[in-house]
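1. coords below, sequence missing:
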Ligand code: NAP
């Protein structure tokens, strides 16, 4: 495994040095650069020698915490998936070789309370982007962030690139539309357009509304005496979790191929919320049963179907696989949360 990682690194570094030597710095435009994945992808592309542009929508508070460390190294362009002209302007300005669409309304509960807005961002926004590419820069490569939520209530487990889509929430429906529009633009207009069907992926930059982060943060807070307990939903719910840094590496690799294609990006294994809790509290030497209580309002309507990705295609086709194990990821996040909370209290 380490040999393979080293080989990948050598290939990356070689590409960087070749691009730099012949003055061919690649240009990439990232939508959703202020999000978890966008910020990790920007980190990766900068180390690969890219000139990176990030599309950021206007907000009164300047929501750039996740990319503050990149100040001066990425070029921020103002734009919104709701606004076709702003997308065309951004593409015309950046002249990107690669466009990564990571922007979306990405929280499932909000997709039930704001289904129309979710469709505008997550579905129609992709139509706007594809049409902007077709008109302004048809030779640019395009990555669309699909989601395992397109499978919803799947016929089979694990799921592959050929598993039928049966989304069961407005977010999944919007992602299914975006996925098929991307495939259709590839077929109809011969664009290099590909979809990564990612399963849940986590990192220290993950929003605290997601259960993985909620648990690691709670373990750190309780250890530091900042909280006395945490309420969770179904501890038997299982997820296919991987590290966001691994996921963005897969996205980048998908964009370096001869032909565009769609891939499942996952860890290929599931763990229960109970395992997550045991592991996170174990990292801080606490007995989780004394601190965790169950709140049925956090239960999801149907947890019976197992969402788990089969990663044979990307493993064999692109030589990609996750480098972070589940335990390693939990440890990384608990350590990060402990340090961040400790620093904040100084
Ligand atoms: P995230 O942290 O929620 O980030 C979403 C990004 O989209 C933010 O930068 C947000 O900007 C931007 N955005 C939202 N609406 C926009 C609009 N109308 N115009 C322009 N930008 C807009 O999401 P993530 O975890 O990085 O996920 C990246 C992508 O992968 C998303 O498409 C998500 O649906 C998909 N995905 C994620 C996972 C996962 O586990 N993380 C799994 C499957 C699929 P603001 O900062 O202004 O809000």
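-> Noted; the coordinates are in hand. Keep in mind it's a predicted model, so treat the numbers as computed, not measured.

2. quick one: pLDDT of the closest residue to residue 167 other than its chain neighbours?
-> Nearest residue to residue 167 in three dimensions, chain neighbours excluded: residue 152, at 4.2 Å (CB to CB, 6 or more residues apart in numbering). Any C-beta I mention is one placed from the backbone N, CA and C, and that applies to glycine too. Looking at residue 152, its pLDDT stands at 94.

3. Start at 27, not 1
-> Got it, first residue is 27 now, which makes that one residue 178.

4. how many other residues sit next to the residue in the chain that the ligand sits nearest to?
-> Per CB to the nearest ligand atom, the residue of the chain with the smallest distance to the ligand is residue 61, at 2.1 Å. The tally of other residues near residue 61 (other CB atoms under 10 Å) stands at 23.

5. ok, so what distance separates it from residue 310?
-> Distance of residue 61 to residue 310, computed by CB to CB, to the nearest Å: 28 Å.

6. Spell out which parts of the stretch 77-226 of the chain neighbour the ligand.
-> Residues of the stretch 77-226 of the chain lying near the ligand by CB under 6 Å from any ligand atom: 83, 85, 89, 106-108, 128-132, 147, 171, 173, 224, 226.

7. Checking the residue nearest to residue 193 next. Helix, strand or coil?
-> Secondary structure for residue 178, judged by DSSP: H, G, I helix; E, B strand; the rest coil, is coil.

8. Count the residues that sit near it.
-> Neighbourhood size, residue 178 [other CB under 10 Å]: 20.

9. can you pull the contacts of it?
-> Taking CB atoms under 8 Å, 6 or more residues apart in numbering, we find residue 178 in contact with 191-195, 198, 331.

10. just the buried members of those residues?
-> Neighbour counting by 16 or more other CB atoms under 10 Å classes 191, 193-195, 198, 331 among the contacts of residue 178 as buried.

11. Report the lowest-confidence entry in the residues of the stretch 77-226 of the chain next to the ligand.
-> Scoring these by pLDDT puts residue 89 last, at 75.

12. if you skip the residues just before and after it, what's nearest to it?
-> Spatially, and ignoring its direct neighbours in sequence, residue 89 is nearest to residue 60 (5.5 Å; CB to CB, 6+ apart).

13. still on that earlier bit, name only those of the residues of the stretch 77-226 of the chain next to the ligand that count as buried.
-> Among those, the ones that count as buried by 16+ other CB under 10 Å are 83, 106-107, 128-132, 147, 171, 173, 224, 226.

14. quick one on the thing from earlier: list the residues that contact the residue nearest to residue 89.
-> Neighbouring residues of residue 60 by CB under 8 Å, 6+ apart: 80, 82, 89-93.

15. same thing but at 7 Å, please
-> 82, 89-90, 92-93 (CB atoms under 7 Å, 6 or more residues apart in numbering).

16. just checking, what packs against the one helix or strand residue 277 maps to?
-> Assigned by DSSP states H and E, residue 277 belongs to helix 270-280. Packing contacts for helix 270-280, counted by 3 or more CB pairs under 7 Å, 6 or more residues apart in numbering; DSSP states H and E, involve helix 62-73, strand 219-224, strand 227-228, strand 289-291, helix 338-344.

17. hmm, try it at 8 Å
-> Judged by 3 or more CB pairs under 8 Å, 6 or more residues apart in numbering; DSSP states H and E, the packing partners of helix 270-280 are helix 62-73, strand 167-173, strand 219-224, strand 227-228, strand 289-291, helix 338-344.

18. after the longest one, next one along is what?
-> By that I understand helix 62-73. Next along from helix 62-73, by DSSP H and E: strand 77-82.

19. partners of that next one, with directions?
-> Applying DSSP bridges, strand 77-82 is found paired with strand 53-57 (parallel), strand 100-104 (parallel).

20. can you tell me which residues contact residue 275?
-> 70, 346.

21. How much space separates residue 366 from residue 340?
-> 32 Å.
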